[in-house]
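# Everything below, folded, please.
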Amino acid sequence: MKLLILNGPNLNLLGIREPEIYGKQTYNDLCKLIEAHAEKLCVEVEIRQTNHEGVLVDWIQEAQGSFDGIVLNPAAYTHTSIALLDALLAVGVPTVEVHISDPMKRESFRQISYLREACVKTISGHGLQGYLEAMDYLKEQERYS
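Numbers count the residues shown, from 1 in each chain. Presented below is the predicted three-dimensional model:
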């Protein structure tokens, strides 16, 4: 199994940006955590981060036929991007939406996800652990397909 882990804007600033919301672990810590868990699950992962919406669209499109699943933290694009929704719907790669914080407990504009309808699951508010839960979920679904 091969998973694509995509991270949207400002996630490169983990540990610096609002640590009271996102924690003190860095983006590098997140990558190491994901890689260690992938090894435990015997899955391949490719981890990418960008601050640019179009790059995320390109990566989602590239996933078709190359990856078995996507773990996506779209960050602020969750609440704004129909383009990401359209890309996810077009490629049909099973995708888990992940949020480090719980958007439902934050500002009202953060409580809307344009992407949720294209995702097989959403994991929110579990910190960095949410990424591992998403990987576990996709791995488990592979057994049933």
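# For residue 55, grab the count of nearby residues.
Using other Cβ atoms under 10 Å, residue 55 has 14 neighbouring residues. Quick note: C-beta positions are derived from backbone N, CA and C, even for glycine.
# Name the helix or strand for it, please.
Per DSSP states H and E: residue 55 is located in helix 53-63.
# now residue 97
Using DSSP H and E, residue 97 falls in strand 95-99.
# That strand vs helix 53-63, what angle?
For strand 95-99 against helix 53-63, the angle by axes from the mean of the first three to the mean of the last three Cα atoms, to 10 degrees is 150 degrees.
# got the contact list for strand 95-99?
If you take Cβ atoms under 8 Å, 6 or more residues apart in numbering as the criterion, strand 95-99 is touched by 69-74, 78, 88, 113, 115-116, 118-125, 130-131, 134, 137-138.
# cutoff 7 Å now
69-74, 88, 113, 115-116, 118-125, 130-131, 134, 137-138 (Cβ atoms under 7 Å, 6 or more residues apart in numbering).
# Quick check: can you name the pairing partners of it and their directions?
Strand pairing for strand 95-99, using DSSP bridges, gives strand 69-73 (parallel), strand 121-124 (parallel).
# looking at those strands, which is buried most?
Among the strands paired with strand 95-99, ranked by average contacts under mean count of other Cβ atoms under 10 Å, first place goes to strand 69-73 (a mean of 25).
# CA-only coordinates of that one in PDB, if you can.
Provided in PDB are the C-alpha atoms of strand 69-73 (Å, rounded to 0.1, in the frame of the first residue of the first chain):
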ATOM      1  CA  GLY A  69      -5.000   6.500  -0.400                       C
ATOM      2  CA  ILE A  70      -4.500  10.100   0.600                       C
ATOM      3  CA  VAL A  71      -4.200  11.600   4.100                       C
ATOM      4  CA  LEU A  72      -5.000  15.300   3.600                       C
ATOM      5  CA  ASN A  73      -4.700  18.200   6.000                       C
END
